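S.K.: Sharing a sequence plus its predicted fold:
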Amino acid sequence: MTETASLDGHPAGEARLPVVTGGTRGIGEGIARVLAASGWRVVAGGIDENEIAAFSPDPAIETMALDVTDDADLAVAPVPALHLEG
């Protein structure tokens, strides 16, 4: 049986960290906030420091500058899930 995550809680027996690209504004921000309100610790990526500075803080959301179209940003991202090849 495969366990799946829901907005109501964490998957049983697994540690997962949602990374929401574009998570500091618009739809991405909404997704990050819903996940945080549901008990998840979330990483919200913003395109630059100005966008991140405009983001209203939430203790369950960690922000980081992250441009997913920039290989240099992905190479130094502290989130292992972002270090995917292909």
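M.R.: Right, received. Where do you want to start?

S.K.: alpha carbons only for contacts and neighbour counts from here, please
M.R.: Noted.

S.K.: which other helices and strands contact the longest helix that the chain contains?
M.R.: When the chain is parsed with DSSP state H, its longest helix is helix 26-37. Here helix 26-37 touches strand 19-21, strand 42-46, strand 61-65, going by 3 or more Cα pairs under 8 Å, 6 or more residues apart in numbering; DSSP states H and E.

S.K.: Find the centremost residue of this protein, please.
M.R.: Val19 (2.3 Å; Cα atoms, centre = their mean).

S.K.: pretty sure it is touching Gly46, no?
M.R.: No - under the criterion of Cα atoms under 8 Å, Val19 is not in contact with Gly46, lying 10.9 Å apart.

S.K.: May I see the buried residues of stretch 65-73?
M.R.: 65-68 (16 or more other Cα atoms under 10 Å).

S.K.: now those as JSON lines including distance to Gly26?
M.R.: Formatted as JSON lines, the buried residues of stretch 65-73 follow (distance: Cα to Cα, whole Å):
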{"residue": "Ala65", "distance to Gly26": "16"}
{"residue": "Leu66", "distance to Gly26": "16"}
{"residue": "Asp67", "distance to Gly26": "16"}
{"residue": "Val68", "distance to Gly26": "17"}
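
S.K.: Residue ranges in the protein under the pLDDT threshold?
M.R.: 1-15, 78-86 (pLDDT under 70).

S.K.: at 80 what do you get?
M.R.: 1-16, 74-86 (pLDDT under 80).

S.K.: Determine the number of other residues adjacent to Ile27.
M.R.: Ile27: 12 surrounding residues under other Cα atoms under 10 Å.

S.K.: thought Val68 was touching Ala75?
M.R.: No - between Val68 and Ala75 there is no contact, the gap being 10.1 Å when judged by Cα under 8 Å.
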